[in-house]
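# Predicted model follows, preceded by the sequence.
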Amino acid sequence: MFDGDLEGWPYLVMDQLSGEPLVDCLPMLGAREWHSIATQTGELASALHGISTEGLPSLRRSWGPFLREQQANLRGKHANSGLPVAFVTEIQAWVQALEPLEDWPVPRSAPPL
């Protein structure tokens, strides 16, 4: 693994870890293991969202069309990853219950997962 700074931008280079994809291990996981993975994933997401973007240029992509494209491709993307159909249906229902994409960013009162 390597890290550094290039023209004021920090970077990190990693190798892919060997192992099994999580989706292949799902049938073998108990509730405790699944909860641990979900907790660690949430902690990672929280840490990433806690990184300041102050002083960085804004994204050059139009957010509304990007989100609509993601929403349109959601079912196919997750179904192709091997997730159970019921879980994909729950994800899609949760996304559809969010504030209209035109109103994003949304307040912190998004519906619970």
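Sure thing, it's come through.

# Which helix or which strand is home to the most centrally placed residue in the chain?
The residue lying closest to the centre of the chain (CA atoms, centre = their mean) is Ala45, at 7.7 Å. According to DSSP states H and E, Ala45 maps onto helix 31-49.

# if we can go back for a sec, look up the pLDDT of the residue nearest to the centre of the chain for me, please.
Confidence at Ala45, expressed as pLDDT, is 92.

# One more: Leu6?
77.

# For it, name its beta-bridge partners.
With DSSP bridges as the criterion, Leu6 is bridged to Trp9.

# Sticking with Asp3, tell me its helix or strand.
Applying DSSP H and E, one finds Asp3 within strand 2-6.

# For that strand, C-alpha coordinates in CSV please.
Taking C-alpha atoms only, strand 2-6 is exported to CSV below (Å, rounded to 0.1, in the frame of the first residue of the first chain):
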residue,chain,number,x,y,z
PHE,A,2,1.2,3.5,-0.9
ASP,A,3,0.0,6.9,0.0
GLY,A,4,1.1,10.4,-0.5
ASP,A,5,0.2,13.8,-1.8
LEU,A,6,0.1,15.0,-5.4
